[in-house]
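Colleague: just need the structure, nothing else, for what follows:
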Amino acid sequence: MVQRRDGDEVTLLDSSIRTAGGAVISTPLYVLSGVVYALVTSPAATGTFFFVSIVAALVLRPVRGISQTLQKLGSEPGERVGAYLGLAVVFAAGYLVAGGGAATLLAESLTRRTVFTADLLAPAGVYAASLALSMIVLSLVGAIGYPSAQTWLGGTQTGVGLAAMVLLSPRVTSATELLLVSAGVRVALFLPVAVYLGVLPQVPGRRELRSAWTFARWSIPDQVVDRFSYNMPVFVLGVVATPTAVGVYEAADRFADFGATISWRLSSPLLTKVSGDAAAGNDYAAYLNGAITGGTGVTFVVFGYLLGAHDVVARVAFASARTAFSTTVLVVGGVNILRGFWTLTSHAMEALGKPSVSFRTKLYGLILSVPVPAFFGAEYGAVAGAAGYGVMNLVIFGYVCYYARDVFGQIPVETTTAVHLTVGGVVSFLLTIGVVSVGGPTPLSPTEVAIIAAFVCLCGFLGVLLGISSPTRAVARRVVELSRGTLRGVV
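Modeller: Numbering: from 1, shown residues only. A predicted model of the protein is given here:
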């Protein structure tokens, strides 16, 4: 059983460092999962699995909205976490029952209009139940003051899932098996964690219900729109294009999304910290700009790497669709610099009780972007999906900047840090293109060239930032201190 800490006692720097450490491990596993699934089964089966699992994640966003309420309100000093946990559990159970009934009634339409088949409905239901469990447990971990552990748990789940896929590869041949193995791994991991945390669901009182409603009435639709915005190209391509187009887009997105995923991971400790400080009357302005700007840092190095090595990565990941994969990964990688910023900013606004603002920005982005893959997806496939993704993020970024002036009184950007990250991104591109140019004509395989380029690119990026950025050096010193403390604890 863990000891609960109030949200205002969480050290943002330490929590962010631990979160980033987990993200550096978990995100590559997430990126590689698309390739592993395709190797274990086929691009078509992988595309079907992606579509079904992403649809399940979208359908369960109301559960995510309630779990977000659990994390936000539970992180405030003096709140009864068990009351919000009880509310989340009851809501999730009722929602799953209602959703299962609706899916049964709509089964014929789903199988006729999408890549769903009749044999996928039951496995999709099992997968959805396991996903709801993981959502609530992860939010509970953040609510009691350990948001960095969310990333490590997610990484563990991804790693164990990949290992299971490889070990069971002779028996995993379709999207059905992919869904069932993924669901089994989630239950086997998150159910024991829920028991270990020792927080029992409680009956919420009127005050908790009122507080939960005030936040959840916007958090629930915001989470629905958030998930649809994140995976919009996959949803649309799954209807108008082919499973292969879905597979190409999603695999490219996972490669290009490394930096934006880390920004998303860092948004959880930022939400917990800002929420706790605001509720306690503490100042959050001192760290807001630096946390949001610095939290987008990895998106710069990822884009620099993709600019120099996109063709090599395409030969490794999707040799049969190099042009489509390469174009998609470049567009998504570049736009994700903006996505990292608006993700962190939106979560900070949610921490101040403004999920309605986050909802509006994503809704505007969807309205203007969905027609792109809808009209051009059948002909251009994954590339049309990438174009729609780019339009959506540009619109959301613009509106987030607009609303940030009202919520924070400014756009939360630390100019000096942004300049340093840009310089580091340019250096990472030059180093990557250099390695690719030199390594290409050699006997090295494309995989080996891509790995060497990634290592050189990252070292160059970190070297530049350590040389020109004092905040980076301060973070590096704290990383060393935390690492030494961890090693002493293990020894």
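Colleague: only C-alpha atoms from now on, for both contacts and neighbour counts.
Modeller: Fine.
Colleague: if you skip the residues just before and after it, what's nearest to the most centrally placed residue in the chain?
Modeller: Among the residues of the chain, the one closest to the centroid is Thr261, at 4.4 Å (Cα atoms, centre = their mean). Distance criterion Cα to Cα, 6 or more residues apart in numbering; nearest residue to Thr261, sequence neighbours excluded, is Thr27 at 7.0 Å.
Colleague: tally of neighbours for the one you found?
Modeller: By the criterion of other Cα atoms under 10 Å, Thr27 has 25 neighbours.
Colleague: and it, helix, strand or coil?
Modeller: Using DSSP: H, G, I helix; E, B strand; the rest coil, the structure places Thr27 in helix.
Colleague: quick one: it from Glu108, how far?
Modeller: Distance check for Thr27 against Glu108: by Cα to Cα, to the nearest Å, it reads 36 Å.
Colleague: my guess is Phe49 meets Val172, correct?
Modeller: No. In this structure Phe49 lies outside contact range of Val172 using Cα atoms under 8 Å: 11.9 Å.
Colleague: ok, the two, which is more surrounded?
Modeller: Taking neighbours as other Cα under 10 Å, Phe49 and Val172 compare with Phe49 leading, 26 against 20.
Colleague: element containing that one?
Modeller: helix 43-59 (DSSP states H and E).
Colleague: what touches both of Phe49 and Val172?
Modeller: Taking Cα atoms under 8 Å, 6 or more residues apart in numbering as the contact rule, Phe49 and Val172 both touch Leu178.
Colleague: all strands of the stretch 101-250 of the chain, in order?
Modeller: Counting by DSSP state E, counting those that start in this stretch, the stretch 101-250 of the chain has no strands at all.
Colleague: how far is the helix holding Phe49 from where the chain is centred?
Modeller: Centroid separation between helix 43-59 and its chain, computed with Cα atoms, centre = their mean, to the nearest Å, is 16 Å.
Colleague: what do you get for stretch 358-377?
Modeller: Distance, centroid of stretch 358-377 to centroid of chain: 19 Å (Cα atoms, centre = their mean).
Colleague: what of stretch 61-73?
Modeller: 16 Å.
Colleague: just stretch 371-379 next, same as before
Modeller: With Cα atoms, centre = their mean, you get 25 Å for stretch 371-379.
Colleague: swap in stretch 90-100?
Modeller: 24 Å.
Colleague: neighbouring contacts of that stretch?
Modeller: Against stretch 90-100 from outside (Cα under 8 Å, 6+ apart): Val63, Ile66, Gly125, Ala128, Ala129, Ala132.
Colleague: what's the distance between the closest residue to the first one other than its chain neighbours and Leu73?
Modeller: Using Cα to Cα, 6+ apart and skipping the chain neighbours, the partner closest in space to Val63 is Ala92 (5.7 Å). When distances are taken as Cα to Cα, Ala92 and Leu73 turn out to be 18 Å apart.
Colleague: neighbour-wise, which of those two wins?
Modeller: In this view Ala92 and Leu73 are compared by other Cα under 10 Å, and Leu73 has more residues nearby, 27 against 23.
Colleague: can you verify my assumption that that one contacts Glu79?
Modeller: Yes. The criterion here is Cα under 8 Å, and Leu73 meets it with Glu79 at 7.1 Å.
Colleague: ranges for the helices of the stretch 251-400 of the chain?
Modeller: All helices of the stretch 251-400 of the chain, identified by DSSP state H, counting those that start in this stretch, fall at 258-280, 285-295, 297-317, 322-351, 355-369, 371-380, 382-407.
Colleague: need those in a markdown table (columns: distance to Leu153 and mean pLDDT).
Modeller: Formatted as a markdown table, the helices of the stretch 251-400 of the chain follow (distance: least, Cα to Cα, whole Å; pLDDT from 0 to 100):
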| stretch | distance to Leu153 | mean pLDDT |
| --- | --- | --- |
| helix 258-280 | 12 | 83 |
| helix 285-295 | 20 | 87 |
| helix 297-317 | 21 | 88 |
| helix 322-351 | 21 | 90 |
| helix 355-369 | 26 | 88 |
| helix 371-380 | 34 | 88 |
| helix 382-407 | 28 | 92 |
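Colleague: could those helices go into CSV alongside distance to Val234?
Modeller: Below are the helices of the stretch 251-400 of the chain laid out as CSV (distance: least, Cα to Cα, whole Å):
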stretch, distance to Val234
helix 258-280, 17
helix 285-295, 26
helix 297-317, 18
helix 322-351, 13
helix 355-369, 13
helix 371-380, 9
helix 382-407, 7
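Colleague: to Val475, which of the ones you listed lies closest?
Modeller: Counting by Cα to Cα, Val475 lies closest to helix 285-295 out of the helices of the stretch 251-400 of the chain; the figure is 10.5 Å.
Colleague: about what we covered before: tell me what the helix holding Phe49 is packed against?
Modeller: helix 12-40, helix 121-143, helix 175-197, helix 206-240, helix 243-256 (3 or more Cα pairs under 8 Å, 6 or more residues apart in numbering; DSSP states H and E).
Colleague: quickly compare those helices and say which is most buried.
Modeller: helix 243-256 (a mean of 27; mean count of other Cα atoms under 10 Å).
Colleague: okay but Gln410 is in contact with Tyr403, surely?
Modeller: No. Using Cα under 8 Å, Gln410 makes no contact with Tyr403, being 9.1 Å away.
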